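Trainee: just need the structure, nothing else, for what follows:
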Amino acid sequence: MSVANMAQLANWTVGNALGVYYQHAAHRLPLADSSLPALTTDRPLHFFRGMLHFRPAPPFLNTLQTSGFRPLVFSFPTSGEGNLLRQWRENTADVIRHFIGRPEALGEKPIFCGHSAGGLTVYALAAMADGGDLVAIRNECPGLENVAVVAMERLAERLSRDALFVTIAAPHHGVRLTRIGRCVNRFLIEPRLPLLFSGITKSNLEAVHRRFRRRPEDVIDANLVSSLGTPFYHGGSVSRLSSLVVQQGMRVFSPLLDHECVNDGIVPMDAAVLEGPAQVFAPFDHLKLVEMPEAALTLADLIRQVDPFAEKLS
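Mentor: Below you'll find the predicted structure:
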């Protein structure tokens, strides 16, 4: 079976499991009681997903809404939505083109939040807002070749005004491949899907930071990290089975990644931790960070810590 066929099988299996999971498990998660002061505004929170383009669970999104935010889960083009093995650079190009073509979609005082590889997209937007090298960003992201630098400059100027940039379990500093991971990547994956794994290694992302002329810790406002890599399951047998399929679908390439240090089941902590931005460690695995109402409350509280408008609006 080719890598492309494996990707299609993974898409179909995980996609169907997610449908069952949300029907029988995720929507039954209780809403958490919030002791935080409610915001009196409807802040647009643009949410970017990682390699797996699944929506955050309804209880997570509902809790963000009751906390005063308007979560807008970014929808990629059809080809992107259906491809689990799409690198963050292509996703970032879609995002930048979208907001250049529809600047009104940014909204007032927007918050950009990226989970997993989606956090690298948020990093690219934050680098744009902070004077990063726009030509390098255009060259790095396939699909931006025909976008005028002046259009990117206009978007960067708008982002620099009042936007916040928040990441969740993002591999900012890159991952390390195991010995078997290096072999599989070199001979099976890289010839067919260039940069799928090599694009998120430590050496590759360090080079990206140099080309963008901005490091993640210098441009990200807030960072949510997990230190718990053990998934837990809830609900009846159908819920548990579908959740198991989803979790294992996320971990299908886990043996290729070096997880010797503490990790959330997917991203090692040394890749996700940032020195400088406001940062919170949450006791949830990689998926529960965008499923549990408690995780949403943690995120809302973290945003309030760095939001210059929060005091005026609380």
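
Trainee: tell me, how many residues neighbour the residue lying closest to residue 117 once chain neighbours are set aside?
Mentor: Nearest residue to residue 117 in three dimensions, chain neighbours excluded: residue 50, at 3.8 Å (CB to CB, 6 or more residues apart in numbering). Placement of C-beta: from N, CA and C, glycine included. Applying other CB atoms under 10 Å, we find 27 residues neighbouring residue 50.

Trainee: what residues are up against residue 50?
Mentor: Counting by CB atoms under 8 Å, 6 or more residues apart in numbering, residue 50 touches 88, 114-119.

Trainee: can you tell me the SS state at it?
Mentor: Secondary structure assignment for residue 50 (DSSP: H, G, I helix; E, B strand; the rest coil): coil.

Trainee: what does residue 224 give?
Mentor: The three-state label given to residue 224 by three-state DSSP is strand.

Trainee: now it, which residues is it bridged with?
Mentor: Note on residue 224: beta-bridge partners residue 168, residue 280, judged by DSSP bridges.

Trainee: quick one on the thing from earlier: looking at the contacts of residue 50, which are in strands?
Mentor: 114-115 (DSSP state E).

Trainee: can you name the two of the contacts of residue 50 that sit furthest apart?
Mentor: 88 and 115 (11.6 Å; CB to CB).

Trainee: more neighbours: which of the two?
Mentor: A count of neighbours by other CB under 10 Å puts residue 88 above the other of residue 88 and residue 115, at 28 against 24.

Trainee: these two touch, right, the more buried one and residue 121?
Mentor: Yes - Residue 88 lies in contact with residue 121 (CB atoms under 8 Å); the separation is 5.9 Å.

Trainee: and stretch 68-83, how far out from the chain's middle?
Mentor: 11 Å (CA atoms, centre = their mean, to the nearest Å).

Trainee: to clarify, my last question referred to stretch 44-58.
Mentor: The answer for stretch 44-58 is 7 Å, by CA atoms, centre = their mean.

Trainee: could you work out the end-to-end span of that stretch for me?
Mentor: Using CA to CA, to the nearest Å, the span of stretch 44-58 from its first residue to its last is 17 Å.

Trainee: with stretch 159-172 instead?
Mentor: End-to-end distance (CA to CA), stretch 159-172: 20 Å.

Trainee: figure out the helix or strand that residue 150 lives in.
Mentor: Element membership for residue 150, per DSSP states H and E: helix 149-162.

Trainee: what's that helix packed up against?
Mentor: helix 88-101, helix 118-129, helix 134-140 (3 or more CB pairs under 8 Å, 6 or more residues apart in numbering; DSSP states H and E).

Trainee: give the buried residues for the shortest one.
Mentor: Pointing back at helix 134-140 there. 134, 136-138, 140 (16 or more other CB atoms under 10 Å).
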